[in-house]
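Q: return a 3D structure for these sequence lines:
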Amino acid sequence: MNSLYARQLRNGCGGPALAALFVVVVFAFGSAAPSHAQALGWEGETGVFVTPLAYTASSETERFHPVLAYHFLSAGPVIGDFHETSLELGIGKRMEIGYTHEFHTFGNDPDLSYLWQSGFDIFNAKFMLVPENSFKTKWIPALSLGGIARVGVRNVGDYQPTGVGRPTSGGHTNGSVYLVASKAIPTKLIPILLSAGVRGTDAELWGMGGSAPDWQERAFGAVAFTFKLPAKSTLTLASEASQQPHHPYGFDGQNGTTPLNIPTTLTYAARFVPTSKYKLNFDLGVAQIAGQVYGSGATGINLKARHQIGVQVSYGF
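A: Reported below is the predicted structural model:
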């Protein structure tokens, strides 16, 4: 990237959520060697709230660049709340690996909340195949290949019966493999970030909805706009969309089961970078996860998670 704005956009976006959330991009501010305020997505990878970007948690001055993040999503009275802690390690300029643990607190619906149990572990890795603006161009996007594994999932169709208050097994494993392209457009007034990709996954709502019956191809994308504020702070507003498998495992209409219909995740969020001195950012968003997923009225199933609040903070060392 030739401009400061482009470098800033390139290392942006990340956070939590599931279905509609307003997202943000992080800026690199200037020392002689650029440093980047990194933002981690919901599953720990460099990204928007719930979708990955093609960029990695890299540093132009460090061989290894660690980033820490905390995420919180209030998923409503049925599903409960989610807390996550993430550690991501940028390796060189093209690769990152990371670990996230998800903690879950129960909802209070006596008929449904038991389907969401304790948290699970998330492992991710990403490699940038093509750097942005390669081959001396100004239009080629960054292109990356990544993968995510979720271990110990016990939500919805992956629910495990309990014995003496504890699950009788360690839960299930599901995964995702994705290809994503991201491009920063350094306009003079408002820098723009565009990102789009496709993932193959057998996870429903990133494991928070358990697993899908089989692997499916799902599309995702994001757009973000960054604004300069006083004292060299910045505010980025963005939105993203991510298709979900239509039905969770165990609730797909097979063998007489209830077919729950999961909508596309939409997100709207804001990211605030308070100072150029530290690689720190704060995210606030609204997540549209799922409302009436079966039937209608009192006889239907309403997960009461239509407009949920998520927050996140990331710090790069």
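
Q: just the helices in the stretch 1-150 of the chain please.
A: Under the criterion DSSP state H, counting those that start in this stretch, the stretch 1-150 of the chain carries helices at the ranges 4-10, 76-79.

Q: buried stuff in the last one?
A: Applying a neighbour-count criterion of 16 or more other C-beta atoms under 10 Å, the buried positions in helix 76-79 are 76, 78-79. Where C-beta positions appear, they are placed from N, C-alpha and C, glycine not excepted.

Q: what's the separation between Ala69 and Glu43?
A: 11 Å (C-beta to C-beta, to the nearest Å).

Q: now for those two: what residues contact both?
A: Residues touching both Ala69 and Glu43 (C-beta atoms under 8 Å, 6 or more residues apart in numbering): Ser86.

Q: any chance of the buried residues of helix 76-79 in a markdown table with distance to Ala269 as columns?
A: A markdown table is the format used below for the buried residues of helix 76-79 (distance: C-beta to C-beta, whole Å):
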| residue | distance to Ala269 |
| --- | --- |
| Gly76 | 18 |
| Val78 | 23 |
| Ile79 | 19 |
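
Q: ok, the residues you listed vs Gly295, which is closest?
A: Val78 (15.0 Å; C-beta to C-beta).

Q: which pLDDT does the model give Asp111?
A: Note for Asp111: predicted pLDDT of 88.

Q: that one - how many residues pack around it?
A: 8 (other C-beta atoms under 10 Å).

Q: what's near enough to touch Val293?
A: Residues near Val293 by C-beta under 8 Å, 6+ apart: 260-262, 300-303.

Q: ChimeraX command for the buried members of the residues you listed?
A: Restricted to buried positions by 16+ other C-beta under 10 Å, the ChimeraX selection for the contacts of Val293 reads:
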select :260,261,262,301,302,303
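
Q: any chance of the contacts of Val293 in CSV, with distance to Thr61 and secondary structure too?
A: CSV is the format used below for the contacts of Val293 (distance: C-beta to C-beta, whole Å; DSSP: H, G, I helix; E, B strand; the rest coil):
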residue, distance to Thr61, secondary structure
Leu260, 48, coil
Asn261, 48, coil
Ile262, 43, coil
Gly300, 55, coil
Ile301, 52, strand
Asn302, 51, strand
Leu303, 46, strand
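
Q: what is the nearest of the contacts of Val293 to Pro52?
A: Using C-beta to C-beta, the contacts of Val293 come closest to Pro52 at Ile262, 19.8 Å.

Q: I'd guessed the closest one sits against Gly209; true?
A: Yes. Contact criterion C-beta atoms under 8 Å: Ile262 and Gly209 qualify, at 6.3 Å.

Q: pull up the overlap in contacts between the two.
A: By C-beta under 8 Å, 6+ apart, the residues touching both Ile262 and Gly209 are 244, 248, 290.

Q: restricted to buried residues, select those residues in PyMOL.
A: The buried subset of those, as determined by 16+ other C-beta under 10 Å, is captured in PyMOL by this line:
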select buried, resi 244+248+290
